[in-house]
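**Student:** Structure, please.
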Amino acid sequence: MSRRAAVALAVVVVLAVAGLAAWRLSSSGTPLSRALALVPAETSRSSWTDWEGVRRELGSDVGRGSSAEEVDAFVSEAFGSDLTSMSALGTSAGTMQELLGLSPATLSWELLAQSDGGAVEAMGVGDDLDLSDVADRLADAGWTEPEVDDGVWVGGPDVLARLGSTITPELQHLVLLRDQDLVLASDQVAYLEAATEVARGTAAGADDLADLATGLAEPLAAAVFTGDYTCERLAMAQADADAQDEAAQLVAESGGVHPLTGFAMGLLPGGHVRALLQVEDADDAPADADARARLASGPAPGQGGEFTDRFALERAGSQGRVITLDLRARPGAYVLSDLTSGPVLFATC
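**Tutor:** Model prediction:
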């Protein structure tokens with residue numbers, strides 16, 4: 001191959017990789033599903049917050065010029081509506097705003113993606129945020145600047161300790177992807193580098209979770225889990241022996257359920273909550289939908305009380321392998337935060 005041909009091929013490869021990354025951000029789907037396609041394929045649990053949507057839902061005008069106190073007040077108000085339970089940044093918000101200009105007041109969205117190998121915090125940059133300004137602030141605060149624009153800003157626990165005890169450990173190291181309006185952060189450099197390859201389009205993303213998440217439409221906050229994580233963490237095995245016995249009887253009376261291969265729950269605008277429960281075989285989904293609807297309309301062993309104390313079941317059905325339960329949260333109920341950790345009877349395997 002001639003030198004000219006080799007250079008031309010390299011240019012084509014670079015453009016293809018850049019094009020794939022841009023396609024992942026702008027292609028059809030929902031903001032949540034597109035974000036999941038940007039994090040490692042091994043992700044087993046993810047937590048989403050649509051900060052732009054939260055600001056709109058609350059009628060908040062916080063932004064780049066807001067003080068740390070104003071941003072903390074915004075996050076506190078959002079907490080009261082169960083809109084911050086999926087965020088890794090809640091306790092860090094005011095400090096992040098003051099020191100980095102990067103916070104729930106200026107981000108478009110946030111996705112914390114976790115696996116057994118590590119965790120990455122992906123943050124979509126809003127129109128009110130200048131990543132060049134963020135870079136300057138990182139340098140001033142003690143992070144070591146990378147040699148290339150999209151390299152890792154190395155901080156570590158010592159840098160965070162100087163900034164205060166409220167900063168989440170996930171912000172120890174960061175990557176600023178200016179061409180994608182994206183910031184990635186992690187407490188592990190190696191995992192952050194691997195996650196960056198996914199965001200660049202040179203490694204596989206969490207496409208199975210992304211496909212499932214499309215059924216949530218555009219939630220303000222959401223959790224999306226693999227089947228293995230769901231069957232471990234939401235299962236009735238998390239409850240005491242008496243609750244397990246009660247649950248077994250209720251499941252038998254409902255007609256029985258099949259193991260889940262995926263789970264997602266999202267808080268939608270206006271107080272609606274949607275749960276998606278995916279089974280292995282589409283033929284099992286209609287009966288599972290009926291059974292899980294009955295389970296979601298009765299006692300909540302391990303949680304206490306009745307599920308109807310927390311929400312009203314408005315609709316249950318299935319399409320393909322996915323069962324959908326549409327819920328309306330009762331006033332003052334924290335459905336998303338309460339029912340994304342076990343035991344959850346209607347999500348049992």
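**Student:** which residues does D82 contact?
**Tutor:** A221, L267, A329, Y334, V335, L336, S337 (Cβ atoms under 8 Å, 6 or more residues apart in numbering). Yep, even glycine has a C-beta here, placed from its N, CA and C like the rest.
**Student:** mind running it again at 7 Å?
**Tutor:** L267, Y334, V335, L336, S337 (Cβ atoms under 7 Å, 6 or more residues apart in numbering).
**Student:** now do D228
**Tutor:** Contacts of D228 by Cβ under 7 Å, 6+ apart are S44.
**Student:** That one belongs to a helix, doesn't it?
**Tutor:** Yes - D228 sits within a helix when classified using DSSP: H, G, I helix; E, B strand; the rest coil.
**Student:** quick one: it from L32, how far?
**Tutor:** As for D228, its distance to L32 is 21 Å (criterion: Cβ to Cβ, to the nearest Å).
**Student:** go on, L336?
**Tutor:** Distance from L336 to L32, by Cβ to Cβ: 14 Å.
**Student:** Number of residues surrounding D284?
**Tutor:** Neighbour count for D284, taken as other Cβ atoms under 10 Å: 18.
**Student:** Over to S132?
**Tutor:** 9.
**Student:** likewise D281?
**Tutor:** 10.
**Student:** so F311 makes contact with V335?
**Tutor:** Yes - contact criterion Cβ atoms under 7 Å: F311 and V335 qualify, at 5.3 Å.
**Student:** intersection of neighbour lists for those two?
**Tutor:** Joint contacts of F311 and V335 (Cβ under 7 Å, 6+ apart) are V273, L327, A329.
**Student:** Please compute how far the helix or strand hosting the second one lies from its chain's middle.
**Tutor:** Per DSSP states H and E: L327 is located in strand 322-329. Computed by Cα atoms, centre = their mean, to the nearest Å, the separation of strand 322-329 from the middle of its chain amounts to 18 Å.
**Student:** what packs against that strand?
**Tutor:** strand 272-279, helix 285-295, strand 311-319 (3 or more Cβ pairs under 7 Å, 6 or more residues apart in numbering; DSSP states H and E).
**Student:** Throw the ones you listed into CSV and include mean neighbour count, distance to G262 and mean pLDDT, thanks.
**Tutor:** Shown next, in CSV, are the helices and strands packed on strand 322-329 (neighbours: other Cβ atoms under 10 Å; distance: least, Cβ to Cβ, whole Å; pLDDT from 0 to 100):
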stretch, mean neighbour count, distance to G262, mean pLDDT
strand 272-279, 24, 4, 98
helix 285-295, 20, 12, 98
strand 311-319, 16, 13, 97
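**Student:** Now distance to V71 too, for those, in CSV please.
**Tutor:** Putting the helices and strands packed on strand 322-329 into CSV (distance: least, Cβ to Cβ, whole Å) gives the following:
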stretch, distance to V71
strand 272-279, 26
helix 285-295, 39
strand 311-319, 30
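**Student:** Could you say which one of the ones you listed comes nearest to D245?
**Tutor:** Using Cβ to Cβ as the measure, helix 285-295 is the one of the helices and strands packed on strand 322-329 that comes nearest D245, at 15.2 Å.
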